[in-house]
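Chemist: Got a predicted structure here, sequence first:
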Amino acid sequence: MTFHHLACIVGMAIPLGMGISGNFILQGMFIGEVSNTFMHARVILKHYGLRYTKAYELMEICFILLYIFGRMIIGPFSVYNTCICKQNPLATKLASVALTLQSVFFIFQMLSILRKRFKEISMRKARRVKSRWFDPLTKEELLKVGITKVEEKHIL
């Protein structure tokens with residue numbers, strides 16, 4: 001994460017300090033932040049002990065899909081435009097490429113999580129365990145679908 005934040009700071013600070021490339025910085029910030037609302041909602045739900053709810057699953061799936069959409073659908077076009085612009089400093093071009101490569105690594109991890117989540121959902125359906133929006137599955141229901149590691153509430 002240190003590399004990620006350093007690349008963001010350097011990649012944005014140099015052109016903004018020079019008074020150029022604000023449009024490219026804004027594109028990059030949109031791509032980087034488009035999924036954050038769902039990421040934070042997911043973390044908040046988890047801290048309130050609502051990990052095994054429909055609300056958590058929806059936030060997680062929306063987060064992952066928006067992350068992939070932003071970083072791998074919109075992102076490459078923005079990176080390409082950033083790199084071909086002669087005004088952009090080399091640091092900005094390198095930061096945009098580096099952050100895209102880092103995103104690819106995270107996307108592979110997220111796809112694994114998504115596969116696991118859909119497997120969990122299909123297992124729950126097969127065993128007739130209904131998920132609820134804001135009422136987590138009980139320990140008995142979790143055991144019925146094969147989940148033995150239950151995360152405890154962090155705050156309340």
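Modeler: Cool, got the structure.
Chemist: Just the buried residues of the host helix or strand of T92, please?
Modeler: Element membership for T92, per DSSP states H and E: helix 90-126. Buried residues in helix 90-126, counting neighbours by 16 or more other Cβ atoms under 10 Å, are found at 92-93, 95-100, 103, 107, 110, 114, 120, 124. The C-beta positions use only the backbone N, C-alpha and C, and glycine is treated the same way.
Chemist: Let me have these in a markdown table, extended by distance to S78.
Modeler: Below are these laid out as a markdown table (distance: Cβ to Cβ, whole Å):
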| residue | distance to S78 |
| --- | --- |
| T92 | 12 |
| K93 | 12 |
| A95 | 12 |
| S96 | 7 |
| V97 | 11 |
| A98 | 14 |
| L99 | 10 |
| T100 | 9 |
| S103 | 12 |
| I107 | 16 |
| M110 | 20 |
| L114 | 24 |
| E120 | 34 |
| R124 | 38 |
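Chemist: from these, which is closest to L6?
Modeler: For the buried residues of helix 90-126, the minimum distance to L6 (Cβ to Cβ) is 8.9 Å, reached by A95.
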